[in-house]
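>>> Could you work out the structure for the sequence below:
(chains A, B, C and D)
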4 protein chains.
Amino acid sequence: MLKGNPLGDPHERPLLVYTPPGYDDEPDRRYPSVYVIQGYMGYLAMWRNRTAFQQPYPENADAMFARGDAPPAIVVYVDAWTAYGGSQFVDSPGTGNYHSYLCDEVVPYVDALYRTVPEAAHRAIQGKSSGGFGAMITPMLRPDLFGLLATHAGDSLYEYSYIAGFPAAVRHLRKYDGDISRWWAGFRSREAFTAPEDGDLAILLGVAAAFSAEPDGTPVLPFDPGTGVLRPDVWQRWLDWDPVRMVPRYAAELRGLRGIWIDAGTRDEYYLDIGATAFRAALLSAGVAQDAIRFELFDAAHGGIGYRYPQSLAWLCQRMAT
Amino acid sequence: MLKGNPLGDPHERPLLVYTPPGYDDEPDRRYPSVYVIQGYMGYLAMWRNRTAFQQPYPENADAMFARGDAPPAIVVYVDAWTAYGGSQFVDSPGTGNYHSYLCDEVVPYVDALYRTVPEAAHRAIQGKSSGGFGAMITPMLRPDLFGLLATHAGDSLYEYSYIAGFPAAVRHLRKYDGDISRWWAGFRSREAFTAPEDGDLAILLGVAAAFSAEPDGTPVLPFDPGTGVLRPDVWQRWLDWDPVRMVPRYAAELRGLRGIWIDAGTRDEYYLDIGATAFRAALLSAGVAQDAIRFELFDAAHGGIGYRYPQSLAWLCQRMAT
Amino acid sequence: MLKGNPLGDPHERPLLVYTPPGYDDEPDRRYPSVYVIQGYMGYLAMWRNRTAFQQPYPENADAMFARGDAPPAIVVYVDAWTAYGGSQFVDSPGTGNYHSYLCDEVVPYVDALYRTVPEAAHRAIQGKSSGGFGAMITPMLRPDLFGLLATHAGDSLYEYSYIAGFPAAVRHLRKYDGDISRWWAGFRSREAFTAPEDGDLAILLGVAAAFSAEPDGTPVLPFDPGTGVLRPDVWQRWLDWDPVRMVPRYAAELRGLRGIWIDAGTRDEYYLDIGATAFRAALLSAGVAQDAIRFELFDAAHGGIGYRYPQSLAWLCQRMAT
Amino acid sequence: MLKGNPLGDPHERPLLVYTPPGYDDEPDRRYPSVYVIQGYMGYLAMWRNRTAFQQPYPENADAMFARGDAPPAIVVYVDAWTAYGGSQFVDSPGTGNYHSYLCDEVVPYVDALYRTVPEAAHRAIQGKSSGGFGAMITPMLRPDLFGLLATHAGDSLYEYSYIAGFPAAVRHLRKYDGDISRWWAGFRSREAFTAPEDGDLAILLGVAAAFSAEPDGTPVLPFDPGTGVLRPDVWQRWLDWDPVRMVPRYAAELRGLRGIWIDAGTRDEYYLDIGATAFRAALLSAGVAQDAIRFELFDAAHGGIGYRYPQSLAWLCQRMAT
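Numbers count the residues shown, from 1 in each chain, chains lettered A, B, ... in the order given. All right, here's what the predicted structure looks like:
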């Protein structure tokens, strides 16, 4: 699916498939599966990163199953890295067909090689930040594949999560005559993240590549980089991917889901606590049953919330077992 | 004009009229006039406030004329305070008719009592922040009265200057069950500005009263306070007052102006440097002559830019003298 | 006392003496007096400054007496401004003899012209920030004059309130080859506070002039401006003026005071909540009676706490009446 | 050397020894060696961590040698993790003998197993942050072992790098009645870094364990946690480990070094750019030759400077080759 992707990224990707304790002991047993996707700037090998006083998520997930906190499941860690730093898990002429890659290549591959229960009711998707976004939208688009989701601080309510970053980008781009491709060329030719604008502009460019690329793959910014004025048609392409705004269009699909975990920190720098609140409200308006939703805001910023992934993983597994 | 205003604010207001050096010596001479309006939270008596190492603007303006830096003019300091802290210089059922008060009461009064040149070509308006906003819109609405304007960090490009504040307001309003009137009642009954949310919410409420009040005067927020979701129709009422968006509607009026001073600091917390840039671009697109515009971005934040008022005052007076 | 001061500042100063309601009706009655001093960058006329939704302290104090919240007192607002922006209310070859001016000129003058009770037990001093510092030290030095004090976020515990600002100053001074007199010359010749370093360096220079001037008046910084290394002897001169460190030396004087109000905000940018805590602890260690002290930390930063002045004023007046 | 360490940490540690390209081809050739130590919260496995658009240092170092940017060297990555998150590379009753472990166990071990040039003139040490501190002090203490050093943003000038954090710690400790051991007990029993105070207090506790532990291993804070007042004797124990203050005591040792690389970012949150400047000035005052020192301040904060390690590594290798 990724062959010929516009950025020349590898079309073969690493995949990490975890089988739970006991998998080999019961060769006929089938297991539910949970697909885990990463935030912007994430790629598969980073799941092995270590930090002080904390364990990598795959180890925590394993420990969670080992403790018996949830029924066992196969956990599939998917890579959707691009040269821009991420794909938003959509099909785009700017980055490649990462939605199709996940749904039409990875899922069948896993189902073929592992003893999954190959049904949406037993297949969940989980992610944080951009990965939370992917976890929200993928089941809307493919309810035949995914029947549950967990979003941790997932991108949503773009008037707050994205617009707040645009004026900073306008200021940064003054250095580059308003031409983000000039920044990009420089970024690629020097040490990354040594200019203060690098973080902001990398995400902006990558999301534009995912949401608003020209047919030839050129990313188009949702605002005029000289004046900052929103470009309504381009901005609308972004809004069309806002999970909060997508809910009414996918109401039937969402009503069919077995479990939706939504959380975020109340100090999230991208205001994704508000996005989470709005997403839940939209779900309820769309007729999703209250008891299908697990919602929590907690005291945290956008970073440092990885300890919650095992919690939603356990919840997803419990939901799939009922 | 302010009689019966909905907030019960005084309908008689203080007015400070400055006559330049020599005014009494030449009893037949007529002078151009410059109307000065204040930012949000400002009222007339504050022009006398003193701070370390700085002089009040009226003294600096007087010194500027005394040095002969510009042809003499009458300077009129106007009060548009309301119980909410400001009026945005518009007519509104939420606050009162401050636009009409300025144009139809103060201007005729000054023209009657002082030896002005009572023509738009010799009448300018100047302000900072919300006062800059007032200075931008008043000549659009009343080109028969005002032929020049100076805006210092004037409110504009609302997707950045206002939207960035909405998510903070949503978080603040959690304490008040999403009901800003509960915050307001508390604010009025205790020491002002002792709660961290006071500054943000006061401006939000006041601007909603100015731009999006119900016919009965009740301010309506441009977003759902529970979820943060923008209310498109209410938000559109705000956008209808965005100077950048108003320019095309008032292109002819703006082309008739003799001088437009636009400036802002490049670190403005409300991104009004970007607003200033967009306002200038909109003017040029509307056919305003480049040499009618004086534009500058400089190294500053939103505060601490009062030293620039005498500069634009001198420029306005010079333009009116040509 | 201020004649011949090293900065050429006026030796005659404005003084604001408030007499309470009823003062003229009882021509034989004598009143306690409270001396009010200002924070750094403050001068007498600033007491008349107005801000939104708030009243100037002198009006709030008058209202407090008018309501009968405390026994009446004479309130004396003292000016100790210097060309550097403040004096710290000490005698210094760098700024002038502002301690002596307050104690040996203002107090006798007020006692001569107004019907005070001219005794320490009926004379209090109150201030905020640098004024709180002055309120702490003046009764230590002159217990014969002042028998009570109120400090709001008063300068103290200099390892936190001052040292935290030194590295920023070192960075700022790189622009000036480490020579603060070069910054000062520039500051005086351009618009004040238009360079980001102006606020920090102005206070640093002024405090050095007050605490560590050469005999000829030249301020000496407590650190090497090139390397930031503390100059132990100069820094010790500052520490000698740290109220927390002064307490043991003035234990007897402090034990004689009738009332000590100490407060600060728990988010004070200069950590004066910790200074307040340490000052109280030092007082208790020095044998000051617990019930002579009124101590409170409250939710606030360094600014915006003027609403508390009438509260400590009332308390001081009540203490003097007992 | 780490057997019986007071925290019960493993006494056997991982060690990563890199041999340069060609090492196996020239079995008689001996190589200089560079010891690399980590910042606080770092442990050996973290060298393999991956982030977007960047490579791990060991890979960058290898690429640097492969490009021929410097003469080949053996690079030794040392682990000095403790249960508190770090050791500061000193011998302490609070953490263990990490200085001796490095000097008397790791160095002999490497010299025995690898073809090093086992002389100080051909042995260097490099580190960042706390690792930079270790790199500064270890050659002072053991000039017989280490003849060159590179410090990137190394801890120094403690009045700025450490004192600035104490008042925040005082505020944090109010929640714990001033008892950091209560915080520590909580931290160990819940998800790490989920309380806002966790980062600050972890470093404070660990450094106190390294610099000012009781003989029985109990860490003693350098200030009274209730009042914030510095404890002069404890604080002096910290200052005795300030590289800037250590220089005069180790002047002869430092004059004997062949190369000293010092750098830091001008926006370093711990002001280590000022520490770097002061360290260099102290070296020059101690008679270290100017051309033995490579000094640079650059535009960066404390984080994100890993791209500089290969630069100082190349420089150290070049110095050792001359």
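>>> Would you tell me which residues of the stretch 201-322 of chain A are close to chain B?
A:226-230, A:244, A:266, A:271, A:273-275, A:277-278, A:281 (CB under 8 Å from any CB of the partner chain). Every residue, glycine included, has its C-beta placed from N, CA and C.
>>> what do you get for the stretch 51-200 of chain A?
Counting by CB under 8 Å from any CB, the stretch 51-200 of chain A sits next to chain B at A:157, A:159-160, A:163-164, A:166-167, A:170-171.
>>> Those residues in strands, which ones?
Using DSSP state E, no member of these sits in strands.
>>> which of these tops the neighbour count?
A:Leu157 (30 neighbours; other CB atoms under 10 Å in any protein chain shown).
>>> Could you list which residues are in contact with that residue?
A:242, A:244, A:271-272, A:274-275, A:278-279, B:228-229 (CB atoms under 8 Å, 6 or more residues apart in numbering or on different chains).
>>> Could I get the pLDDT score of the residue in the stretch 51-200 of chain A that chain B sits nearest to?
The minimum distance from the stretch 51-200 of chain A to chain B, using CB to the nearest CB, falls at A:Pro167 (3.9 Å). According to the prediction, A:Pro167 has pLDDT 97.
>>> Please apply the same query to A:Ala281.
The model's pLDDT for A:Ala281 equals 98.
>>> quick one: it from chain D, how far?
A:Ala281 is 27 Å from chain D, where distance means CB to the nearest CB, to the nearest Å.
>>> my guess is that residue meets B:Pro225, correct?
No. Using CB atoms under 8 Å, A:Ala281 is not in contact with B:Pro225; the gap is 11.9 Å.
>>> Residues of chain A that sit close to chain D?
A:41-43, A:45-46, A:48-54, A:85, A:187, A:191-194, A:202, A:300, A:304, A:307.
>>> do that again at 7 Å, thanks
Contact residues (CB under 7 Å from any CB of the partner chain) of chain A with chain D: A:41, A:45-46, A:49-50, A:52-54, A:85, A:191-194, A:300, A:304, A:307.
>>> For C:Val207, state which of the residues you listed is nearest.
Lowest distance from C:Val207 to these (CB to CB) belongs to A:Thr194, with 37.3 Å.
>>> burial of that closest one, as a residue count?
Neighbour tally, A:Thr194, other CB under 10 Å: 16.
>>> what's the pLDDT at it?
95.
>>> what sits against it?
D:300, D:307 (CB atoms under 7 Å, 6 or more residues apart in numbering or on different chains).
>>> Dump stretch A:83-92 to PDB, restricted to CA.
Coordinates of the C-alpha atoms in stretch A:83-92 are reproduced here as PDB (Å, rounded to 0.1, in the frame of the first residue of the first chain):
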ATOM      1  CA  ALA A  83       9.700  11.900   6.100                       C
ATOM      2  CA  TYR A  84       7.600  14.800   7.600                       C
ATOM      3  CA  GLY A  85       7.400  13.000  10.900                       C
ATOM      4  CA  GLY A  86       3.900  11.500  10.700                       C
ATOM      5  CA  SER A  87       1.000  10.700   8.500                       C
ATOM      6  CA  GLN A  88      -2.100  11.300  10.600                       C
ATOM      7  CA  PHE A  89      -3.100   7.800   9.500                       C
ATOM      8  CA  VAL A  90      -5.000   9.100   6.500                       C
ATOM      9  CA  ASP A  91      -4.600   8.500   2.800                       C
ATOM     10  CA  SER A  92      -3.100  11.600   1.200                       C
END
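>>> residues in contact with that stretch?
Outside stretch A:83-92, the residues touching it (CB under 7 Å, 6+ apart) are A:7, A:9, A:37, A:40-41, A:80, A:95-100, A:102, A:130, A:133-134, A:138, A:202, A:205-207, A:209-211, A:213, A:241, D:52.
>>> and the residue of the stretch 201-322 of chain A found nearest chain C, which of the three is it?
As assessed by CB to the nearest CB, chain C sits closest to A:Arg267 within the stretch 201-322 of chain A, at 15.8 Å. Under DSSP: H, G, I helix; E, B strand; the rest coil, A:Arg267 falls in the coil class.
>>> ok, so what distance separates the residue in the stretch 51-200 of chain A positioned nearest to chain C from D:His152?
With CB to the nearest CB as the measure, A:Pro196 is the residue of the stretch 51-200 of chain A nearest to chain C, at 16.0 Å. In this view, A:Pro196 and D:His152 are 19 Å apart by CB to CB, to the nearest Å.
>>> What of A:Phe89?
37 Å.
>>> picking that back up, neighbour-wise, give me the winner out of the residues of the stretch 201-322 of chain A next to chain B.
A:Gly275 leads those on contacts (other CB under 10 Å) with 33 neighbours.
>>> Contacts only, for that residue.
Per CB under 7 Å, 6+ apart, neighbours of A:Gly275: A:156-157, A:160-161, A:244.
>>> contacting residues around the residue of the stretch 51-200 of chain A closest to chain B?
A:228, B:160, B:271, B:274.
>>> Please name the nearest non-neighbouring residue to it.
The spatially closest residue to A:Pro167, leaving aside those adjacent along the chain, is B:Tyr271, at 3.9 Å (CB to CB, 6 or more residues apart in numbering or on different chains).
>>> looking at it, the one you found is touching B:Glu159, isn't it?
No. The criterion here is CB atoms under 7 Å, and B:Tyr271 misses it with B:Glu159 at 9.3 Å.
>>> who does the helix or strand hosting A:Leu205 touch, helix- and strand-wise?
Assigned by DSSP states H and E, A:Leu205 belongs to helix A:198-211. With contacts taken as 3 or more CB pairs under 7 Å, 6 or more residues apart in numbering or on different chains; DSSP states H and E, helix A:198-211 sits against helix A:166-173, helix A:180-189.
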